[in-house]
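Q: predicted model, plus sequence, below.
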Amino acid sequence: MNTPDPLQSADSVKSTQVYILTSTQFRLSSYTHAERENLDTLESSSELIITIISSIAQEESKNLSANVSWGFTKRFSQGVVHMPTTYFLGYDRDEEDNIVINEAEAEVVRRIFRELLEGKGATLIAKGLMEDGILTARGNPTWTNDSVLKLLRNERYTGNAICQKTVTLDFLSHKRTKNNNHKPQYLVRNHHPAIISEETYNDVQKELARRYLMQHDPDLKYATQYSGKAPFSNMLFCGDCGRPVTRRRLTSKRNRAYFHFTAWQCRVASQRSKEDIECHSKYVWEEALEDGFVRLLYEMKGEIPKIIEDANKAIEIVSLTEEEVSRLKELEEKIEVVADQISELASRSSGRSNPVYEANLRHLVYEQEILMMEHESLSKNKDESLYLQRHLDELIEILDDLESDDFNAEIFKKIVERGTLYEDYRVEFMFKCGIMRNTSAARRTEEEKQAEIAMRDKTRLFRHKYLLEKASV
Ligand SMILES: [Zn+2]
């Protein structure tokens, strides 16, 4: 029989989640709800943690020798995480059972990540893989949208392993129950060799989340398919009703002859929405949209200092203050200390049920959770500011190298987060570095175009010293 904890009300701590961190490197993850759902599909790597805790806390384990339980703790603290590689594309095991990269397979993994960032959708990527006769990890020639997405969401390609969930333990009943997955999870870093950099991985998650939002509006009424074939797909919204702007092929008449052209128009205004709302926004020519974007790029190239200033304002909002930076560091140290204490406590357990021991453990776990929650919110802001900074650097580099007068879909996708189409052909672009800029998608005459292009020559030569200065810091 267990004695209820005299120090705390039993009700408030009926089940407590247990997180044990390695004493080496770790990072808290800050996942959105959707991302967490994806994590759910990953294999549980927490069997070891469960084993440790169970072996300590469960009464039937009291016969286990202290050696065994210490062994588990030690193995875990060295970052041993269960990771089968048989059906894991990109990884094998060597004779000594170390996880090693399978270069041929890793190339496929890199290709999938690269193609997504180049703007392809999962379906299109799957199609390409099948066309090239590439097999899945199970040797299957069929790739699906799902199998591509699952691969793209697998954090283990960064070399990290997720020590996740399922460890909910009711200390009073000694029953292990399923974690509802609403508590923070964390990673063991550098657990095995990386195939994908953390940066690329994070970009892909961000891109997947962005496409997800594009496809599912809050009321889930007007989902669109992400094809990635047209650069403006899922990037533009109607400034009037807020709905997605989609591509149309239209026919018109000039000098008594019919001709076709491509245009973009609000889904509702083009009457392709099942929703019972009204919108009368006009269509814009794709040509004019592209033209407007290139013109905007040259305008921006001419005012780089202002762009840096604006982006820095956006970065400042999410950046951590000096106090917050030191608090983050402090939290990391504290969490590590508590994690060590938990490990230490676990290794000293006799395996017998002991209320004092359980109260201590529960207290430490509780303390760790509080620290982790604060850590999570701070590191989320830190990640966001790094994201903006990275995209600012990229934008400046692109503007510096800008030479062509043609629209470049790759550049567009790299730097633009989304756009809004307003009345009178005004388009507002939100850039990935956090700044907003306007342009016009009104059609121009050939003379107007040529006159403006002639003015670009001076701007074209302009090189900003920003990146050089940055490199020398
Ligand atoms: Zn509209």
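A: Thanks, I have the structure now.
Q: can you map out the strands along the stretch 51-200 of the chain?
A: Under the criterion DSSP state E, counting those that start in this stretch, strands of the stretch 51-200 of the chain are mapped to 91-93, 99-101, 161-163, 168-170, 175-177, 186-188.
Q: lowest average pLDDT across the ones you listed?
A: Confidence, taken as mean pLDDT, is least for strand 168-170 of these (a mean of 37).
Q: how close does I112 get to R153?
A: Distance of I112 to R153, computed by Cβ to Cβ, to the nearest Å: 11 Å. Just so you know, the C-beta spots here come from the backbone N, C-alpha and C atoms, and that holds for glycine as well.
Q: can you map out the helices along the stretch 151-300 of the chain?
A: 198-215, 286-301 (DSSP state H, counting those that start in this stretch).
Q: give me the mean pLDDT for the last one.
A: On average, the pLDDT along helix 286-301 is 95.
Q: that one packs against which elements?
A: Here helix 286-301 touches strand 257-266, helix 355-400, strand 426-431, strand 436-440, helix 446-461, going by 3 or more Cβ pairs under 8 Å, 6 or more residues apart in numbering; DSSP states H and E.
Q: just the angle between the helix or strand just after it and helix 355-400, please?
A: Toward the C-terminus, helix 286-301 is succeeded by helix 304-318 as the next helix or strand (DSSP states H and E). For helix 304-318 against helix 355-400, the angle by axes from the mean of the first three to the mean of the last three Cα atoms, to 10 degrees is 170 degrees.
Q: tell me the buried residues in the helix or strand following helix 304-318?
A: Reading on from helix 304-318 to the C-terminus, the next helix or strand found by DSSP H and E is helix 322-348. Residues 328, 331-332, 334-336, 338-339, 341-343, 346-347 are the ones in helix 322-348 that count as buried (16 or more other Cβ atoms under 10 Å).
Q: next one: stretch 197-214
A: By 16+ other Cβ under 10 Å, the buried positions in stretch 197-214 come out as E198, T200, Y201, N202, D203, V204, Q205, K206, L208, R210, R211, M214.
Q: likewise for stretch 140-149?
A: For stretch 140-149, the neighbour count (16+ other Cβ under 10 Å) marks W143, S147, V148, L149 as buried.
Q: now, which of those residues sits nearest the ion?
A: Relative to the ion, the closest of those is L149; by Cβ to the ion it sits at 29.8 Å.
Q: any idea how many residues pack against the closest residue to the closest one other than its chain neighbours?
A: Sequence neighbours aside, A122 is the residue nearest to L149 in space, at 5.0 Å (criterion: Cβ to Cβ, 6 or more residues apart in numbering). Residues near A122, counting by other Cβ atoms under 10 Å, number 24.
Q: next to the ion, which bits of the chain? Give me the list.
A: Selection of the chain residues close to the ion by Cβ under 5 Å from the ion yields C238, D240, C241, C266, V268, A269, C279, S281.
Q: quick one: end-to-end distance for stretch 433-441.
A: Distance across stretch 433-441, first residue to last, is 22 Å (Cα to Cα, to the nearest Å).
Q: begin at 778, not 1, for the rest of this chat.
A: Understood, numbering begins at 778; the last thing we discussed is stretch 1210-1218.
Q: ok, residues contacting that stretch?
A: Outside stretch 1210-1218, the residues that touch it by Cβ atoms under 8 Å, 6 or more residues apart in numbering are 1061-1062, 1065-1066, 1068-1070, 1072-1073, 1076-1077, 1084, 1087-1088, 1091-1092, 1165-1166, 1168-1169, 1171-1172, 1192, 1198, 1201-1208.
Q: list only buried entries from the residues you listed.
A: Neighbour counting by 16+ other Cβ under 10 Å classes 1061-1062, 1065-1066, 1068-1070, 1072-1073, 1077, 1084, 1087-1088, 1091-1092, 1165-1166, 1168-1169, 1172, 1192, 1198, 1202-1204, 1206, 1208 among the contacts of stretch 1210-1218 as buried.
Q: before we move on, back to that, pick the most buried one from the helices and strands packed on helix 1063-1078.
A: Mean neighbour count, computed with mean count of other Cβ atoms under 10 Å, is highest for strand 1203-1208 among the helices and strands packed on helix 1063-1078, reaching a mean of 19.
Q: could you dump that one to CSV, C-alpha only?
A: Output of strand 1203-1208 as CSV, limited to C-alpha atoms (Å, rounded to 0.1, in the frame of the first residue of the first chain):
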residue,chain,number,x,y,z
ARG,A,1203,-2.8,47.5,-55.6
VAL,A,1204,-0.9,44.4,-54.3
GLU,A,1205,0.6,44.4,-50.9
PHE,A,1206,3.4,41.8,-50.3
MET,A,1207,4.4,40.6,-46.9
PHE,A,1208,8.0,39.5,-47.0
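Q: please report how far the residue in the stretch 1128-1250 of the chain positioned nearest to the ion lies from D1087.
A: Closest to the ion within the stretch 1128-1250 of the chain is L1198: 8.3 Å, counting by Cβ to the ion. Taking Cβ to Cβ as the measure, L1198 and D1087 are separated by 22 Å.
Q: now do A1231
A: Look at A1231 and D1087: by Cβ to Cβ, they are 28 Å apart.
Q: per-residue confidence for F1009?
A: On pLDDT, F1009 comes in at 88.
Q: just checking, it touches V1022?
A: Yes - with contact defined as Cβ atoms under 8 Å, F1009 counts as touching V1022 (7.4 Å).
Q: helices and strands of this protein: which one bottoms out on pLDDT?
A: Lowest on mean pLDDT, DSSP states H and E among the helices and strands of the chain sits strand 803-805, with a mean of 28.
Q: I figured F1038 hits K1030, correct?
A: No - contact criterion Cβ under 8 Å: F1038 and K1030 do not qualify, at 11.5 Å.
Q: doesn't L1073 make contact with E1229?
A: No - counting by Cβ under 8 Å, L1073 is not a contact partner of E1229; they are 11.6 Å apart.
Q: who wins on neighbours among the residues of the chain next to the ion?
A: Compared across the residues of the chain next to the ion, C1043 has the highest neighbour count, 26 neighbours, by other Cβ under 10 Å.
Q: give the contact list for the residue nearest to that residue when sequence neighbours are not counted.
A: Once flanking residues are discounted, C1043 sits nearest to C1015: 3.5 Å by Cβ to Cβ, 6+ apart. Residues in contact with C1015 (Cβ under 8 Å, 6+ apart) are P1021, V1022, C1043, R1044, V1045, A1046, C1056, S1058, T1197, L1198.
Q: could these be laid out in JSON lines, adding distance to T862 and pLDDT?
A: Below are the contacts of C1015 laid out as JSON lines (distance: Cβ to Cβ, whole Å; pLDDT from 0 to 100):
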{"residue": "P1021", "distance to T862": "41", "pLDDT": "89"}
{"residue": "V1022", "distance to T862": "45", "pLDDT": "92"}
{"residue": "C1043", "distance to T862": "49", "pLDDT": "93"}
{"residue": "R1044", "distance to T862": "45", "pLDDT": "89"}
{"residue": "V1045", "distance to T862": "50", "pLDDT": "90"}
{"residue": "A1046", "distance to T862": "52", "pLDDT": "90"}
{"residue": "C1056", "distance to T862": "52", "pLDDT": "92"}
{"residue": "S1058", "distance to T862": "53", "pLDDT": "92"}
{"residue": "T1197", "distance to T862": "46", "pLDDT": "95"}
{"residue": "L1198", "distance to T862": "48", "pLDDT": "96"}
